[in-house]
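K.L.:
generate coordinates for the sequence data below:
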Amino acid sequence: MIISRYIFITMIYFLFLSNIILAQDNFIYSLINNHKASLRTIKEDFKYVVSSPLRMSKKDRLELVLISGIASGLIFNYDEKINNEFIRYESQYFNSIVNNFAEIGRAYGRSNDRVFFLYGGISTSLYLGSKILKDKKMLKTSYLVSESFIFSLIILGPTKLILGRSRPYMKNGSKDFNFLAFSQDKGLRSMPSIHTSSAFAILTVIAKQYDYWWVTLPSYLFLSSVAIQRIYDHEHWTSDVIVGGISGYTIANILIKNDTKKKSKRLSFHPFISRNRIGASITLD
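P.N.:
Got it, this is the predicted structure:
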């Protein structure tokens, strides 16, 4: 019930924020009449994300095969071994180090609603910062963060229900899948890890938009901590975390590339030379 309430509130917030940002970013639509343009833009971006497999290059296909192979190998050979090793060495010095590092992400992973708190806090901070600093890039980043987070939820949320994989603490084994069961039991929603995918979807956008070590290093340290915490606390198998992380990262990457593509389409530069003049024309689509 808590998740349903937060999803509803998040969707309303996302639409409201998108409406404001797109009106300010495009300087075309009035704030009141911008909702149709906002919905159209969101729909086009979502379509671009879900149709991205159709535009995969040969290199992308090879990477997908490799990732699928790694995930399959973990599921059938190593997920249980990794989980058992954490249990076996719980009192060992190595695990105390892992536990301390996982503590960074434990506050975030403690409950499902914190996924929405992370998104709301970051997107709101970026938006308010863009208004205070009059920074258009920060404004756009808040929008891309919102899209990346929402799209990852829409795509990966139903996937958990379709796969119906048992979590490690259920002690049913890593190969226990209940396909199309759509169970309401939280213990049967292991793959993929939404905590991991959401964090990657949000922070990858920020790391790509602001490619400075003092932004990327804390971002990826936090992401690593979240991933380790989900495995260490037996909430997810290793393959759940890898699939979630790669999915969130990929969605964010696709949106960033699409936004860059849109910018290059909007602004075009055409130099020209004639008998009596030389110059250039700039076209804004």
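
K.L.:
now do the contacts for N253.
P.N.:
Residues in contact with N253 (CB atoms under 8 Å, 6 or more residues apart in numbering) are 204, 208. Every C-beta, even on glycine, is put in place using the N, C-alpha and C of the backbone.

K.L.:
gap between it and N83?
P.N.:
Counting by CB to CB, to the nearest Å, the gap from N253 to N83 is 29 Å.

K.L.:
which one is Y119 nearest to, not counting chain neighbours?
P.N.:
Distances taken as CB to CB, 6 or more residues apart in numbering put F149 closest to Y119, at 4.7 Å, once the chain neighbours are dropped.

K.L.:
what is the helix or strand harbouring that neighbour packed up against?
P.N.:
According to DSSP states H and E, F149 maps onto helix 136-163. Contacts defined by 3 or more CB pairs under 8 Å, 6 or more residues apart in numbering; DSSP states H and E place helix 136-163 against helix 2-26, helix 35-50, helix 113-133, helix 194-209, helix 238-266.

K.L.:
could you check the angle helix 2-26 makes with the longest one?
P.N.:
Put plainly, it is helix 238-266. 20 degrees (axes from the mean of the first three to the mean of the last three CA atoms, to 10 degrees).

K.L.:
what's the offset of helix 238-266 from the middle of its chain?
P.N.:
7 Å (CA atoms, centre = their mean, to the nearest Å).

K.L.:
and the pLDDT at E90?
P.N.:
We note a pLDDT of 57 for E90 in this prediction.

K.L.:
meant to ask about L156, not that
P.N.:
93.

K.L.:
same question, D79
P.N.:
pLDDT, D79: 89.

K.L.:
send the alpha carbons of the strand or helix carrying it over as CSV?
P.N.:
Using DSSP H and E, the element containing D79 is helix 79-88. Extracted in CSV, the C-alpha atoms of helix 79-88 (Å, rounded to 0.1, in the frame of the first residue of the first chain):
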residue,chain,number,x,y,z
ASP,A,79,24.5,-16.8,-7.0
GLU,A,80,24.1,-19.4,-4.2
LYS,A,81,27.8,-19.8,-3.8
ILE,A,82,28.3,-16.0,-3.3
ASN,A,83,25.3,-15.8,-0.9
ASN,A,84,26.6,-18.8,1.1
GLU,A,85,30.1,-17.3,1.3
PHE,A,86,28.7,-14.1,2.9
ILE,A,87,26.8,-16.3,5.5
ARG,A,88,29.8,-18.5,6.1
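
K.L.:
quick one: contacts of it?
P.N.:
With CB under 8 Å, 6+ apart, helix 79-88 has contacts from 74, 95, 98, 168, 173-174, 231-232, 234, 237-239.

K.L.:
circling back: quick one: the helix holding F149 to helix 2-26, angle?
P.N.:
Note on geometry: by the same axes, to 10 degrees, helix 136-163 and helix 2-26 are set 150 degrees apart in direction.

K.L.:
distance from the chain centre to helix 136-163, please.
P.N.:
Relative to its chain's centre, helix 136-163 lies at 5 Å (CA atoms, centre = their mean).

K.L.:
for the nearest residue to P192 once chain neighbours are set aside, what are its contacts?
P.N.:
Leaving aside its sequence neighbours, P192 sits nearest to G244 (CB to CB, 6+ apart; 3.7 Å). Listed by CB under 8 Å, 6+ apart, the contact set of G244 reads 156, 191-197, 200, 236.
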